[in-house]
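>>> no sequence for this one, just the structure:
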């Protein structure tokens, strides 16, 4: 090419502009309309979701849906989420005597599932936080795992129901309530809503045979979610309970039942349930540390009767020891022996299921004999084996 030739320069310039035009055209290709629409919809949805989560965080103390959305499933650290009422320990505490081999005094041969080499590796792998064995009122095994120690707070989940069963027995002994009282004797508002409530007794509530509806779909609107996360559990129990079968005929696990019992105890004793527990059970047991009972919310201030006692594992063991000794513990008669026996009997004489007593699970084994347990949602247990003089937590 001859650079002195003006025609050559014009041609070259034209070609250059054409090339730029082509390159520019590639960069300015028109975005399809559907892509713009999809992007706008995605951005809108993201904004809505963001606003929903922000609103949920701001209403955690008053909204069941918000709690279910943010907290999702129940958790062993839920005692940090809910407000709570204190249950103070007494100055005079009971300390278990240490037995042979403490703190690892179990037999050398322990049958474990799977290929676990030893008990402690099994405990760690199953996210166990505490494991305690008391034999003959002496501690033979006490170990803590996965970051927990003797001072750690453990939440009870449904083990709370067995504590509540003891409180019912105490109130009956006091004459504040009777086992076959109709619920409406203490909560007459229920009768005004449905006259059939007068057929449901305290016995029906604590044996899980009330005949009330209870659905466990796991949705934010299921009964299971509502009875765990609702911010006003009294209102929920008063307005959302529905009779679907005659009481006393069918066993059905139902967390509305302990809510109603909590309301009955409040009215019969003129105390918050946690206060009644502190005075008549926790302190007489000789608990070594203060506990708490989680509340539905600050505004409502009602104990989460189905699940919310928070304390040390070693103090949970003392409920088992109390029952092992048929209501006597720490040199004091706390519960009637007849209540302990009836509550934990492997029988359907007083309720529809031989595998469930008054908020205690009951068992019959060829080797161990009859025994019973308090059980919680995340693997919490208080197991009482009278024939072996054992309490296991």
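Perfect, I can see it now. Bear in mind that the values here come from a model prediction, so they are computed numbers and not experimental data. Numbering: from 1, shown residues only.
>>> what's the separation between residue 194 and residue 144?
Counting by Cβ to Cβ, to the nearest Å, the gap between residue 194 and residue 144 amounts to 48 Å. Bear in mind the C-beta positions are built from the backbone N, C-alpha and C, glycine included.
>>> more crowded one of the two?
Per other Cβ atoms under 10 Å, whichever of residue 194 and residue 144 has more neighbours is residue 144, with 19 against 13.
>>> now for the more buried one: which residues touch it?
Contacts of residue 144 were listed using Cβ atoms under 8 Å, 6 or more residues apart in numbering, and they are 129, 130, 131, 150, 152, 313.
>>> apply 6 Å and report the result again.
For residue 144, the contacting residues are residue 130, taking Cβ atoms under 6 Å, 6 or more residues apart in numbering as the criterion.
>>> and this structure, what are its domains?
1-28, 76-392 (automatic domain parsing).
>>> those: lowest mean pLDDT?
Comparing mean pLDDT over those, the weakest stretch is domain 1-28, at a mean of 48.
>>> ok so, going back, now the domains of the chain as TSV including distance to residue 69?
Output for the domains of the chain, formatted as TSV (distance: least, Cβ to Cβ, whole Å):
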stretch	distance to residue 69
domain 1-28	43
domain 76-392	7
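>>> which one, of the ones you listed, ends up nearest to residue 44?
Nearest to residue 44 among the domains of the chain is domain 76-392; the distance by Cβ to Cβ comes to 22.9 Å.
>>> got the end-to-end distance for the closest one?
Counting by Cα to Cα, to the nearest Å, the length from the leading to the trailing residue of domain 76-392 is 19 Å.
>>> same thing with stretch 220-231?
Across stretch 220-231, the straight-line distance between its terminal residues is 13 Å, by Cα to Cα.
>>> so what touches it?
Judged by Cβ under 6 Å, 6+ apart, the contacts made with stretch 220-231 from elsewhere in the structure are 62, 64-65, 67-68, 214-216, 236, 255, 296-297, 306.
>>> switch the cut-off to 7 Å
Here stretch 220-231 makes contact (Cβ atoms under 7 Å, 6 or more residues apart in numbering) with 61-65, 67-69, 74, 213-216, 218-219, 236, 240, 255-256, 259, 296-297, 300, 306-307.
>>> how about stretch 320-337?
Contacts made with stretch 320-337 from outside it, assessed by Cβ under 7 Å, 6+ apart, are listed as 94, 134, 137, 166, 169-170, 173, 281, 284-286, 318, 339-341, 344, 382, 384, 386, 391, 393.
>>> how long is it end to end?
Using Cα to Cα, the gap from the first to the last residue of stretch 320-337 comes to 14 Å.
>>> can you give me the buried ones in that stretch?
Neighbour counts over stretch 320-337 (16 or more other Cβ atoms under 10 Å) mark 320, 321, 322, 323, 324, 325, 326, 327, 329, 330, 334, 335 as buried.
>>> and that stretch, how far from the chain's centre?
26 Å (Cα atoms, centre = their mean, to the nearest Å).
>>> make 35 the first number, not 1, from now on.
In the new count, where the first residue is 35, that last one comes out as stretch 354-371.
>>> can you give me the strands in the stretch 85-234 of the chain?
Assigned by DSSP state E, counting those that start in this stretch, the strands in the stretch 85-234 of the chain fall at 118-121, 131-132, 164-169, 172-178, 188-189.
>>> what helices or strands is the second one leaning on?
This points to strand 131-132. Applying 3 or more Cβ pairs under 7 Å, 6 or more residues apart in numbering; DSSP states H and E, we find strand 131-132 packed against strand 172-178.
>>> could you count how many residues lie near residue 154?
Should you count by other Cβ under 10 Å, residue 154 turns out to have 14 residues around it.
>>> number of nearby residues for residue 177?
Residue 177 is surrounded by 18 other residues when neighbours are defined as other Cβ under 10 Å.
>>> quick check: bridge partners of it?
residue 165 (DSSP bridges).
>>> from residue 132, how far off is the residue nearest in space to the middle of the chain?
Nearest to the mean C-alpha position of the chain, by Cα atoms, centre = their mean, lies residue 191 at 3.2 Å. Using Cβ to Cβ, we find residue 191 at a distance of 29 Å from residue 132.
>>> residue 219 too?
Residue 219 sits 48 Å away from residue 132 when distances are taken as Cβ to Cβ.
>>> where do the helices sit along the chain?
Along the chain, counting by DSSP state H, helices occupy 40-61, 67-92, 98-105, 153-159, 193-208, 222-227, 236-240, 257-263, 267-274, 290-303, 307-311, 317-319, 347-358, 371-378.
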